[in-house]
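In: Following is a predicted model, sequence given first.
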Amino acid sequence: MYLESSTSVRGNRTAVLSRKTVLVLGTGRSGTTWLAGLLSGAFRYRLLFEPFHPVKVPGAEVIADRYYEPDAIPKEARDFCVRALDDRIASDWIACCSNRRLRMHRWRFWPRARVCKSVRSNLFLPAYREIFGDGLPIVVLVRHPGAVVESFLRVRFPWGSDLSVLLEASQRELLEDRYGLPLARLARLAQSRAGAITLRWIVENAWLLANGREHGVHLELYEELVEHPDRVAALCRRLDIQPPPDLDSRSRRLAWTTHSQSPLRTDSRSADGWRDRLAAEDAAHIDAMLDLAEIAYPPLPGGERR
């Protein structure tokens, strides 16, 4: 099933993609590379890796960490998004997971389906729906904020705690209105690096946890997929894509982006191992911010807040 038949509220603006495309979103360090690798593991499937990285991909800054109202999407953001998901950006970064023999990573006729993985465009979700309609399958992978914070602190990616774009004045009021979050009070708690990463997680995931499934999003919890890999096959069926034939063995492998100092390289895969590595004061800080935002994790039935 391709996306030519997709529709949106403004049908004359609906973008058409040339191949079946699945979008995988999530906060950084949530397992999105692992999941996207599984979803794109079938023969002649292509993984588009982080096309909205504002440093690696020129022009991506119009999407990374940005929220736009559906009726106010800048033309440059819409055009860049369509080109990225349709694999029309010639970038070795985006194609880094693709087959490079005979430059096959640039053969646009080769893939039967694409999986696009992005960790900095959760806020762009309303724009995705406006641009592509309901025909674009969107998977959002969510992981416990404690695990996300612990991983960010270990790998030291500076952008995880950089909220300069995420909460800039031009979109902060929009986010407060849409999400109903006490951003000013949360920002006062987010003075440490762990606090800033937690605030990023809250802004990127709060609305999705409460409302994502109602808006056609396949919301998945990392902990559940790790514990029950068979759910990945079930997800493939819902997405109408082929699972890789070696899904069981693939699901036990580490993602290629797993950090060299990750405990997963020596310990057995454990979704809760972060609890033994995160400082007690950071864990308490995370809990306080989740309480203020009225977020439960794992989410309560129906997505209700506490």
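Out: That came through fine.
In: Would you double-check that Pro126 falls in a helix?
Out: Yes. Counting by DSSP: H, G, I helix; E, B strand; the rest coil, Pro126 is part of a helix.
In: Excluding chain neighbours, give the residue nearest to it in space.
Out: Counting by CB to CB, 6 or more residues apart in numbering, the nearest residue to Pro126 once its immediate chain neighbours are dropped is Pro70, at 4.9 Å. All C-beta atoms are positioned from the backbone trio N, CA, C, and that covers glycine.
In: And for Asn205?
Out: Val142 (5.5 Å).
In: residues contacting the one you found?
Out: Gly26, Thr27, Ser30, Asn205, Leu208, Leu209, Leu219, Glu220, Leu221, Tyr222, Tyr297 (CB atoms under 8 Å, 6 or more residues apart in numbering).
In: List the residues that contact the fifth one.
Out: Contacts here follow CB under 8 Å, 6+ apart; on that basis Leu208 touches Asn122, Leu125, Val140, Val142, Val217, Leu219.
In: The first one - nearest residue in space that isn't next to it in sequence?
Out: Closest residue to Asn122 in three dimensions, ignoring its sequence neighbours and counting by CB to CB, 6+ apart: Glu204, at 4.2 Å.
In: still on that earlier bit, out of the contacts of Leu208, who's the most crowded?
Out: In terms of neighbour count, Val142 stands highest of the contacts of Leu208 at 27 neighbours, by other CB atoms under 10 Å.
In: Looking at strand pairing, list the partners for that one.
Out: Going by DSSP bridges, Val142 is paired in beta bridges with Leu221.
In: Could you check how far it is from Ile295?
Out: Val142 sits at a distance of 11 Å from Ile295 (criterion: CB to CB, to the nearest Å).
In: Now the common contact residues for the two.
Out: With CB under 8 Å, 6+ apart as the test, Val142 and Ile295 both reach Asn205, Leu209.
In: quick revisit: could you pull out the buried residues of the helix or strand containing the residue nearest to Asn122?
Out: Counting by DSSP states H and E, the element that carries Glu204 is helix 193-211. Buried positions in helix 193-211, judged by neighbour count with 16 or more other CB atoms under 10 Å: 193-210.
In: Least confident secondary structure element in the protein?
Out: Least confident helix or strand, the chain: helix 247-251 with a mean of 82, by mean pLDDT, DSSP states H and E.
In: Touching the helix or strand that comes right after it from outside, list them.
Out: Counting by DSSP H and E, the next helix or strand C-terminal to helix 247-251 is helix 280-293. The contact list for helix 280-293, computed with CB under 8 Å, 6+ apart, reads 145-146, 149-150, 153, 181-182, 185-186, 189-190, 192, 194-195, 198-199, 202, 206, 275, 296-297, 306.
In: Cheers, nothing more for now.
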